[in-house]
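1. Give me a model of this one.
(4 chains)
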Number of protein chains: 2
Amino acid sequence: MSKPAARTRLAEAAFTLFDERGYEQTTVDDIAERAGVGRTTFFRHYRSKEDVIFPDHDRLLEQIKDRLATSSHDTALAAVSDAVRLVLMHYLAEGDLARRRYRLTSKVAALRDREIASVARYQRLFREFISSWMGDPTESASLRAELMAAAVVAAHNHVLRRWLRGESPDPGREVDEAMHDVLALFAAPGSRTGSDDRGTTVVAFRTGQDLDTLLPALRRLVADGPGQ
Amino acid sequence: MSKPAARTRLAEAAFTLFDERGYEQTTVDDIAERAGVGRTTFFRHYRSKEDVIFPDHDRLLEQIKDRLATSSHDTALAAVSDAVRLVLMHYLAEGDLARRRYRLTSKVAALRDREIASVARYQRLFREFISSWMGDPTESASLRAELMAAAVVAAHNHVLRRWLRGESPDPGREVDEAMHDVLALFAAPGSRTGSDDRGTTVVAFRTGQDLDTLLPALRRLVADGPGQ
DNA sequence: ACGGGAATGGTACTGAGTACCGTTCATAAG
DNA sequence: CTTATGAACGGTACTCAGTACCATTCCCGT
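-> Sure, this is the predicted structure:
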């Protein structure tokens, strides 16, 4: 008479039935019966029918919030990139469960919408974090924060989806590369790359003058180090 | 005995009641009664209770799809920027109605999620358009498409929200500026800006060599023009 | 006046989610 | 061993969204 904690049995029953008959065709009564518990018990463990599939999104969101609050990075984007990496790791740790969920969300519109809404909460959190980190209430700074949050989340989604579809053998590496791309997007041209501080940095700009005319200015820049 | 087409009366009744008692506290029966029609009629005009608030998202999505299909721009990003501008214009044309909806979605989580899901459909459409436009099935091209779609949508949302909150006197101009920023984000450093083609372009890179060592290479680049 | 199609209203049903109540069961205290 | 306590459970009954079906009315051209 093993009793793997009702909650687990409910989730297992739900996924099985969803696979067999589809989501809409499965009632909460079906799930409860299959798990050998009453209908009431189902709603005690999961707030809704959808919740069986997305059990701990709230908890994860809180974790991420904490991570951001206690993070020590030198840019907001780096902090957020690190945080979103945590989200990806959470999915990876779920393993096959995450893939079963993905198969469901691919088929059922209501579930896809729910998933999207969850992701949007992360994006909002990131946007607010970046905004407050920059401290700049300017309209253009606000837009920049919005773009950064969107880019980080998009990069995360890209890698996650690839892994969910079995197209990514090494999502950890891919997410690092993707975040690197995002960083590069927003890195001001000519700013430090952070990796190597020696040698010559050529800033990108465009001018009507020819190369010989601006060579003195270039030499001065190199001599002075990163001015501005 | 004016009969402004039942559908209109239903929408009006719904918004009024939602404002008075809140969304969850208003039943479909209440709305129908207020509009002076039967409950059945309500569901004939709107698929669901939420649909009263988001009536023509589907139609707009189709319009955007058409716009993209028949668009003639020289970059995918330009085509998508143009399309998203159409979305913004749709909201602007709604005027006060859009603002009432915004007040509701700000308060009711279920409605906010619904709105987010709609926006995600645009983003998905854009992503697929950009992807197929580039034709490049590479992983990095796919990521780039994802980032571009996310950025365009984020910029749109930014401007839209500002307007909805009454913070933007000229959203048309703002969306142009925002899209310009997005374009700039993805413009490869050193690539043509499209405005001025004369003069010297200095590409951004980083090297361990000092300026004099790489000066010959710089001169060769300038002489050859933009060689890959 | 008449026929037919579209819009309408009513009734009845399914299923999600909530509220409430009584029961069971484990455990710690006496 | 008995009892008190609290947590987990099961059952019943309710509200409300959404669907299906049927009957009625209204409008319009013939």
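2. which secondary element of chain A has the worst mean pLDDT?
-> strand A:200-202 (a mean of 48; mean pLDDT, DSSP states H and E).
3. what's the helix or strand for A:Thr16?
-> Using DSSP states H and E, A:Thr16 maps to helix A:7-21.
4. is DNA strand C contacted by that helix?
-> No: applying Cβ under 7 Å from any atom of the strand, one finds helix A:7-21 separated from DNA strand C by no less than 10.4 Å. For every residue, glycine as well, the C-beta is placed using N, CA and C.
5. That helix: what's the following helix or strand?
-> helix A:28-35.
6. quick one: is that next one near DNA strand C?
-> Yes: with Cβ under 7 Å from any atom of the strand as the criterion, DNA strand C is reached by helix A:28-35 at A:Val28, A:Asp29.
7. Can you name every helix or strand that that helix contacts?
-> Contacts defined by 3 or more Cβ pairs under 8 Å, 6 or more residues apart in numbering or on different chains; DSSP states H and E place helix A:28-35 against helix A:7-21, helix A:39-45.
8. Name the nearest residue to A:Ala6, ignoring sequence neighbours.
-> Leaving out its chain neighbours, the residue that sits closest to A:Ala6 by Cβ to Cβ, 6 or more residues apart in numbering or on different chains is A:Val37, at 5.6 Å.
9. From the helices and strands packed on helix A:28-35, pick the one with the highest average neighbour count.
-> helix A:7-21 (a mean of 18; mean count of other Cβ atoms under 10 Å in any protein chain shown).
10. contacts for that helix?
-> Residues from elsewhere that reach helix A:7-21, judged by Cβ atoms under 8 Å, 6 or more residues apart in numbering or on different chains: A:26, A:30-32, A:34-37, A:41-42, A:45-46, A:52-53, A:55, A:100, A:103-104.
11. now it: how far from the chain's centre is it?
-> Here helix A:7-21 is found 27 Å from its chain centre; the criterion is Cα atoms, centre = their mean, to the nearest Å.
12. Show me the helices in chain A, by range?
-> Remark: helices assigned in chain A by DSSP state H are A:7-21, A:28-35, A:39-45, A:57-69, A:76-94, A:96-107, A:109-134, A:139-164, A:171-186, A:211-224.
13. JSON lines for those, including mean pLDDT?
-> What follows is the helices of chain A, written out as JSON lines (pLDDT from 0 to 100):
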{"stretch": "helix A:7-21", "mean pLDDT": "95"}
{"stretch": "helix A:28-35", "mean pLDDT": "97"}
{"stretch": "helix A:39-45", "mean pLDDT": "97"}
{"stretch": "helix A:57-69", "mean pLDDT": "94"}
{"stretch": "helix A:76-94", "mean pLDDT": "96"}
{"stretch": "helix A:96-107", "mean pLDDT": "96"}
{"stretch": "helix A:109-134", "mean pLDDT": "96"}
{"stretch": "helix A:139-164", "mean pLDDT": "97"}
{"stretch": "helix A:171-186", "mean pLDDT": "95"}
{"stretch": "helix A:211-224", "mean pLDDT": "57"}
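14. Now for A:Lys65, how many residues are close by?
-> 14 (other Cβ atoms under 10 Å in any protein chain shown).
15. Repeat that for A:Asp74.
-> Neighbour tally, A:Asp74, other Cβ under 10 Å: 8.
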